[in-house]
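A.B. asks: build me a model from this:
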Amino acid sequence: MDLPIELKAASEKLVVGYKQAQLKKIAQDLSDRYRNESGAGKVLLSKDIEAAVYALVRMPATYGAVSDALRYALEYFDGRINSLLDVGAGSGAATWAVSNLVDLERVTCIEREGAMRRVGETLMKEGNHTLASVRWISSDLTTSKITNSADLVVSSYVMNEMTKKDRQFVLDSLWNATEKMLLIVEPGTPAGFSVLRDSREYLLSKGAHIVAPCPHEFACRLAEDDWCHFTCRVQRSKIHKMLKNADVPYEDEKYSYMAFVKEECTCASARILRHPYIDKGQISLEICTKNDNRSVVVKKKDGSLFKIARKAKHGDSIDIK
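C.D. replies: Residues are numbered from 1 along each chain as shown. As a prediction, the model looks like this:
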């Protein structure tokens, strides 16, 4: 998966005139801050150049994860999405991802940090008419209720940066702002999934329904030391490789997600939880179904199911009862 050409060009234009050493230093400082200081409500960047470097480093992975998660959600969603509310929008990666999959008429982005908003606005001027006319709002999710609403509300890589006591307040705001679907994407780590597991339990108690990835709305059957996560492969540009001191032309972003809807819906009969193991004449799958989590072996004699399983990756839905 790759960023839209216009987004890639616009984001690289933001750092023209800076030396590689300067940009690498900013990237390393940001990495250290987000690793060591997230979760306390502290402002982790304030300069436009910091936001620009952050966008170069993180937008490809966020774009890829939101794209993947939304594709899975739309696979079983029958409604039409005309409007988007991107909450904790950062520099707008999630909005770009959604606009590539859905024909949007109205978009609102909520972002606390001024530098992020300015970079996001600059980048979106290079997009289509809807992106160029996005409304940006300055607001702190942990202290102010969301007063806007949209068919689709997206919160990507936001909840894990909050203290636990703030999350329920934010979840209520997100769900109240949702007209049709709420998509929450978090890092594919034990901590990221823990946030989603708690969110799942809370929103189900509020009457929400799950469209993906879970094929059921019972209690999660994964052990406490296990976590549900998926992977998307995103392409690295030359400058992205430089900023991350990387050699390979891609990175694998591990993410977890939950998509909740207001109305009951049909969901997958099974979801593949782990990388399929392909052996001679058979494929082993770890799946989550409505009734259980189990291992299944699909063989050549299973015909079309075998062909589907051979092309499947973990995270995909599959029609196994």
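
A.B. asks: tell me the SS of His314?
C.D. replies: coil (DSSP: H, G, I helix; E, B strand; the rest coil).

A.B. asks: give the contact list for it.
C.D. replies: The contact partners of His314, taken as C-beta atoms under 8 Å, 6 or more residues apart in numbering, are Phe230, Thr231, Ile272, Leu273, Arg274, His275, Pro276, Glu286. C-betas here are computed from N, CA, C, even on glycine.

A.B. asks: could you list the residues in contact with stretch 295-310?
C.D. replies: Pro276, Ile278, Gly281, Gln282, Ile283, Ser284, Leu285, Glu286, Ile287, Ile318, Asp319, Ile320.

A.B. asks: drop anything exposed from these.
C.D. replies: Pro276, Ile283, Leu285, Glu286, Ile287, Ile318, Ile320 (16 or more other C-beta atoms under 10 Å).

A.B. asks: can you tell me which of the residues you listed is nearest Arg71?
C.D. replies: Among these, Ile318 lies closest to Arg71 (C-beta to C-beta), at 15.1 Å.

A.B. asks: so for the helix or strand containing Tyr54, mean pLDDT?
C.D. replies: Using DSSP states H and E, Tyr54 sits in helix 48-74. Regarding helix 48-74, the rounded mean pLDDT is 94.

A.B. asks: can you check stretch 245-261 too?
C.D. replies: Stretch 245-261 comes out at a mean pLDDT of 92.

A.B. asks: going forward, begin numbering at 169 instead of 1
C.D. replies: Renumbered: residue one is now 169, and that last one reads stretch 413-429.

A.B. asks: narrow the buried ones among the contacts of stretch 463-478 to those in strands?
C.D. replies: Mapping these onto strands (DSSP state E) picks out Ile451, Leu453, Glu454, Ile455.

A.B. asks: with pLDDT and distance to Phe337 added, can I get the contacts of stretch 463-478 in CSV?
C.D. replies: Converted to CSV, the contacts of stretch 463-478 look like this (pLDDT from 0 to 100; distance: C-beta to C-beta, whole Å):
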residue, pLDDT, distance to Phe337
Pro444, 92, 40
Ile446, 90, 46
Gly449, 88, 53
Gln450, 92, 49
Ile451, 95, 45
Ser452, 95, 43
Leu453, 95, 39
Glu454, 95, 36
Ile455, 95, 35
Ile486, 93, 37
Asp487, 90, 39
Ile488, 83, 39
